[in-house]
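Engineer: any chance you could fold what I've pasted below:
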Amino acid sequence: MVKASLKLRFKPVSHSWVALHPQPKGVIQFIAGAFFGTFGPMIFYRYLLQSLFEEGYTIILLPFNFSFNHYVEAGFLMREQYEILPELVRMASVAGYDYEAYLNDKNFSWIGHSLGCKYISLLEGFTALPPEPQDREKFIRSLLSHTSDESQIESVIADINILFEELQRKILEDQKLICTYVGRKIKINSVFIKGQVSILLAPAIADTGSAIRPQFLADIIDNFGWGVKPTVEETHNLIKDSGLFNIMGLVCFKSDNIAKFTCEWFTNILRKPPQEFLKALEGGHLKPLGIQLGKYVINLFDKLLIESVQERNKGFEDNVIKLLEELKEKST
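Structural biologist: Purely as a prediction, here's the structure:
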């Protein structure tokens with residue numbers, strides 16, 4: 001295990017924040033919950049991120065804007081991955097750090113919390129998109145089959161096609177650029193995140209009513225076509241139709257009412273992940289948040305406010321780290 005004396009220091013790269021490990025065995029791309037992911041995830045999730053860093057992972061904090069159009073934000077996150085990738089290699093080379101882990105995209109993993117899990121789900125679901133435009137259109141129309149708004153369907157098709165083609169170009173650009181740094185190509189196995197491990201912490205795939213109260217206001221927004229896109233049903237369909245999510249871990253909390261519906265959908269309807277990659281832990285929806293003070297961890301907004309480092313690790317971080325390692329073994 002990497003020594004705990006390593007300092008977790010984030011530097012801005014593109015629109016994200018990166019903590020570069022000197023000897024990385026992989027990369028964790030972290031997408032936080034709605035509020036905490038926008039305002040200082042490196043502070044609110046500090047203890048979890050420090051624990052993952054000490055295990056030997058470079059950490060990337062991916063931001064997203066508050067928006068009801070999650071298609072657009074998912075596209076931004078995918079573009080961001082390919083903006084950051086060559087910079088990881090360049091920064092490591094300049095600092096004298098090992099960069100071998102960055103040359104194969106299977107060494108990249110995803111961890112999300114709350115709404116962040118929806119974005120990871122969209123990225124993995126998009127991995128199933130066919131390479132040909134006409135086949136992609138058929139796939140998307142099937143996904144949105146209950147939607148009567150033809151303009152919305154056409155908009156999604158156009159956006160996805162633009163994104164798909166842009167990412168294909170960006171992959172080639174990254175390969176050429178990184179080759180100038182290290183003299184060889186990187187391995188990118190998919191336009192999206194196929195073959196990359198993901199862990200969903202208290203996933204919350206919800207509708208407009210979860211963000212807008214009272215409900216009648218959410219209904220008005222939905223009726224005008226301004227509500228959450230994709231809807232819960234569309235997101236579920238994308239996950240099911242993709243046939244993927246085979247190297248995913250799921251962490252649910254026993255006192256969490258916010259993610260309860262999504263956790264039950266994954267386990268009872270989708271029937272994924274298998275039992276060995278499913279963890280039901282003590283705590284509420286905001287258990288992943290935490291800051292260390294000496295020998296204790298302050299569990300921000302959780303019922304159990306203060307825990308010793310040992311108890312916190314035993315109840316949460318050790319489970320996440322073990323789950324990550326087991327998933328990575330399965331993916332090889």
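Engineer: in the stretch 201-332 of the chain, where is pLDDT below threshold?
Structural biologist: In the predicted model, the stretch 201-332 of the chain carries pLDDT under 70 at residues 208-219, 221-226.
Engineer: in it, which spans are strands?
Structural biologist: 248-253, 278-281, 291-293, 296-298, 306-308 (DSSP state E, counting those that start in this stretch).
Engineer: the longest one: how far from the chain's middle?
Structural biologist: Going back to what we said before, that points to strand 248-253. 13 Å (Cα atoms, centre = their mean, to the nearest Å).
Engineer: now Leu289. Nearest residue, chain neighbours left out?
Structural biologist: Once flanking residues are discounted, Leu289 sits nearest to Leu300: 4.2 Å by Cβ to Cβ, 6 or more residues apart in numbering. C-beta here means a position set from N, CA and C on the backbone, and glycine is covered the same way.
Engineer: tell me which residues in stretch 298-307 are buried?
Structural biologist: Of all the residues in stretch 298-307, those buried under the rule 16 or more other Cβ atoms under 10 Å are 298-300, 302, 307.
Engineer: ditto for stretch 167-178
Structural biologist: 167, 170-171, 174-175, 178.
Engineer: let's see which of these end up in helices.
Structural biologist: 167, 170-171, 174-175, 178 (DSSP state H).
Engineer: nearest to Leu85 among those residues?
Structural biologist: Asp174 (5.4 Å; Cβ to Cβ).
Engineer: check contacts around that closest one.
Structural biologist: Asp174 makes contacts with 82, 85-86, 186, 188, as judged by Cβ atoms under 8 Å, 6 or more residues apart in numbering.
Engineer: redo that, cut-off 10 Å
Structural biologist: Shown in contact with Asp174 (Cβ atoms under 10 Å, 6 or more residues apart in numbering): 81-87, 89, 105, 185-186, 188.
Engineer: ok, now Lys25?
Structural biologist: Contacts of Lys25 were listed using Cβ under 10 Å, 6+ apart, and they are 2, 55-58, 98, 100-101, 107, 325, 328.
Engineer: closest to Lys11 out of the buried residues of stretch 298-307?
Structural biologist: Nearest to Lys11 among those is Leu300, at 24.2 Å by Cβ to Cβ.
Engineer: for the closest one, phi and psi?
Structural biologist: Here is the backbone geometry of Leu300 (degrees, to the nearest 10): phi -60, psi 120.
Engineer: then Ile60?
Structural biologist: Per-residue torsions, Ile60: phi -120, psi 120 (degrees, to the nearest 10).
Engineer: number of residues surrounding it?
Structural biologist: 25 (other Cβ atoms under 10 Å).
Engineer: that one and His21 touch, don't they?
Structural biologist: No. Using Cβ atoms under 10 Å, Ile60 is not in contact with His21; the gap is 11.1 Å.
Engineer: what sits in contact with each of those two?
Structural biologist: 27-28.
Engineer: neighbour-wise, which one of the contacts of Lys25 leads?
Structural biologist: Busiest of the contacts of Lys25 [other Cβ under 10 Å] is Thr58, holding 27 neighbours.
Engineer: any idea whether that one is helix, strand or coil?
Structural biologist: strand (DSSP: H, G, I helix; E, B strand; the rest coil).
Engineer: with that, I have no additional questions.
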